[in-house]
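**Student:** model this:
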Amino acid sequence: MYHERMKKSHYEAGYEWGRRLFRRGKLIMDQPTFVIDEKRKLFAEQCLPLYERYYPEILAEIKGVADGQCGSYEDFYTFLFGMYCFSLEQHCTCIAYHEQGKTLLARNSDFLVSLEKLYMNCIYRLEQGYAFQGNTTAFIEMEDGINEYGLAVGLTFVYPKMIQPGLQAGMLLRYLLEKCKSVNEATTALKKLPIASSQIFTIADAYGDIAVAECNCCDVEIITPKQNYLAAANVFHSERMQCFNKKRIDNWRAEERYQVACSALNSFQGSYDRSFVESLLSGKYGFMCQYDRKQNADTVWSVIYDISKQEIYRAEGNPMRKQYQKDSRMKFHSIV
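**Tutor:** All right, here's what the predicted structure looks like:
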């Protein structure tokens, strides 16, 4: 995992990052996941007017990256718009809790070992939108993060039964970080935005609210905690959304990971703390990250957003083998 800081306008941030890679001889278009075909091109052209309407600044950043790489703007947005719709390899686990004034969101990112040197941690402080820190297996789109107001969001991908033109999961998550301060604002935004595919967002804020949003191109279901915690993996669990689960697929033991998380959170004796969360995410309560790297699968990072303390801890690799390190670079607002 490498680290970047993005500043100035969306276009300038994209251009400067793309140009830095270009000068090092690194072309995004040469990566094995950068797939462009006619099906993706048609889908992207249908998505483009929706991005122009709902998220035009992200198009400026895509254009900046493409220009910095001396590449095609159309190819870059075609690749990005199709993520989570045509590229289906990501599998992750999220938890959130609020207890005795403590609010925390944590996530394991499970993905391909062969690409782990490309994964990126970013701090964005642009001229437009809220500042945030996030992590991604690609670029521009985000898969988890926290913004300057303490809104944290984690993505868990769900295999789609259907897709339609809209914003893909990682773009939706970044939209929430750039434009929302609270769980209520985030869930309201999700109900208004066009959604391309299937995903779950686990959301927590500095006011102590937590929620899970199960959503696809047809519906959005907001789940609030019956106890003091929520968990999500790569399967819909609400009665309303279960019909959209795809059967007989390799989802990297998603239901098992979900049940392990719920069981540990439910049965833990005492007050939740970061040590408990680290133990849970590193597999000490059951299967969570114990993948066989020889199969090109692993937990490629694990992150804990301690919202109440305004602290971030990240293991850059599988937390069974890598230590969580505190990241103090993010600047937060005080929430009264």
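
**Student:** what about stretch 287-296, how long is it end to end?
**Tutor:** By C-alpha to C-alpha, to the nearest Å, the extent of stretch 287-296 from end to end equals 17 Å.

**Student:** And stretch 49-64, by the same measure?
**Tutor:** 18 Å.

**Student:** Show me how far it is from its chain's centre.
**Tutor:** What separates the centre of stretch 49-64 from the centre of its chain is 19 Å, taken as C-alpha atoms, centre = their mean, to the nearest Å.

**Student:** Over to stretch 21-39?
**Tutor:** For stretch 21-39, the distance to the chain centre is 21 Å (C-alpha atoms, centre = their mean).

**Student:** Next, the buried residues of that stretch.
**Tutor:** Leu21, Phe22, Ile28, Phe34, Ile36 (16 or more other C-beta atoms under 10 Å). Every C-beta, even on glycine, is put in place using the N, C-alpha and C of the backbone.

**Student:** Just the element for the closest residue in space to Phe287 that isn't next to it in sequence, please.
**Tutor:** Excluding its sequence neighbours, the residue lying closest to Phe287 (C-beta to C-beta, 6 or more residues apart in numbering) is Glu256, at 5.2 Å. Assigned by DSSP states H and E, Glu256 belongs to helix 254-267.

**Student:** Quick one: mean pLDDT over that helix.
**Tutor:** Taken as a whole, helix 254-267 has an average pLDDT of 96.

**Student:** Dump it to PDB, keeping only the CA atoms.
**Tutor:** Listed next in PDB are the C-alpha coordinates belonging to helix 254-267 (Å, rounded to 0.1, in the frame of the first residue of the first chain):
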ATOM      1  CA  ALA A 254     -19.100 -14.200   3.300                       C
ATOM      2  CA  GLU A 255     -21.900 -15.700   5.400                       C
ATOM      3  CA  GLU A 256     -19.400 -17.300   7.800                       C
ATOM      4  CA  ARG A 257     -17.600 -14.000   8.200                       C
ATOM      5  CA  TYR A 258     -20.800 -12.200   8.900                       C
ATOM      6  CA  GLN A 259     -21.900 -14.800  11.500                       C
ATOM      7  CA  VAL A 260     -18.500 -14.800  13.200                       C
ATOM      8  CA  ALA A 261     -18.700 -11.000  13.500                       C
ATOM      9  CA  CYS A 262     -22.200 -11.000  14.900                       C
ATOM     10  CA  SER A 263     -21.500 -13.800  17.300                       C
ATOM     11  CA  ALA A 264     -18.400 -12.100  18.700                       C
ATOM     12  CA  LEU A 265     -20.100  -8.800  19.100                       C
ATOM     13  CA  ASN A 266     -23.100 -10.400  20.700                       C
ATOM     14  CA  SER A 267     -21.300 -12.600  23.200                       C
END
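
**Student:** quick check: angle from the next helix or strand after it to helix 254-267?
**Tutor:** Helices and strands here follow DSSP H and E; after helix 254-267, the next one along the chain is helix 274-281. If you take axes from the mean of the first three to the mean of the last three C-alpha atoms, to 10 degrees, helix 274-281 sits at 150 degrees to helix 254-267.

**Student:** ok, back up a step: want to throw the buried residues of stretch 21-39 into TSV with distance to Asn245, pLDDT and secondary structure?
**Tutor:** Output for the buried residues of stretch 21-39, formatted as TSV (distance: C-beta to C-beta, whole Å; pLDDT from 0 to 100; DSSP: H, G, I helix; E, B strand; the rest coil):
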residue	distance to Asn245	pLDDT	secondary structure
Leu21	38	94	helix
Phe22	42	97	helix
Ile28	33	95	helix
Phe34	29	93	coil
Ile36	29	95	coil
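
**Student:** I appreciate the help and will end here.
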